[in-house]
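[1] Structure of the sequence below:
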Amino acid sequence: MSQSSDDANRRRADRLPLREPVRLRGDGRLSHSRGLAMNLSSTGLFVAADDPGEIGDRVRCELSCVPKTPIDVACRVVWVRHDDHP
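    Numbering: from 1, shown residues only. Here you go, the predicted structure:
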């Protein structure tokens with residue numbers, strides 16, 4: 001099975017480790033959730049959250065890395081791992 005160039009490029013981006021709290025907001029099922037940003041790259045953000053939403057959900061992610069100046073970005077859930085499954 002071959003990978004698309006987007007898939008291959010996505011994994012080539014350098015990741016910056018983080019441990020920053022985030023607030024997730026979205027329409028529908030995921031109305032409000034909190035999580036922890038674990039890493040950041042030029043192609044995405046990995047957030048550990050108790051309620052991550054479903055693949056395809058569009059959410060707003062508010063990072064508070066800089067005091068008094070939160071960064072609010074539009075995101076889409078592209079991957080979900082449930083730790084309750086072995």
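[2] Every contact and neighbour count from this point should use C-alpha atoms.
    Noted.
[3] Name every strand pairing with the longest strand along the chain and say which way it goes.
    Selection of the longest strand in the chain by residue count, based on DSSP state E, yields strand 16-26. Strand 16-26 pairs in its sheet with strand 33-41 (antiparallel), strand 58-63 (antiparallel), by DSSP bridges.
[4] Just the buried residues of it, please?
    21, 22, 23, 24, 25, 26 (16 or more other CA atoms under 10 Å).
[5] who touches the first one in this structure?
    When the contact criterion is CA atoms under 8 Å, 6 or more residues apart in numbering, the partners of residue 21 are 34, 35, 36, 37, 63, 64.
[6] can you do 7 Å?
    Applying CA atoms under 7 Å, 6 or more residues apart in numbering, we find residue 21 in contact with 35, 36, 37, 63, 64.
[7] Over to the last one?
    Each residue near residue 26 by CA under 7 Å, 6+ apart is listed here: 32, 58, 59, 60.
[8] and the least confident of the residues you listed?
    Across the contacts of residue 26, the smallest pLDDT goes to residue 32, namely 75.
[9] So what's the residue count around it?
    When neighbours are defined as other CA atoms under 10 Å, residue 32 has 16 of them.
[10] With residue 73 instead?
    Residues near residue 73, counting by other CA under 10 Å, number 11.
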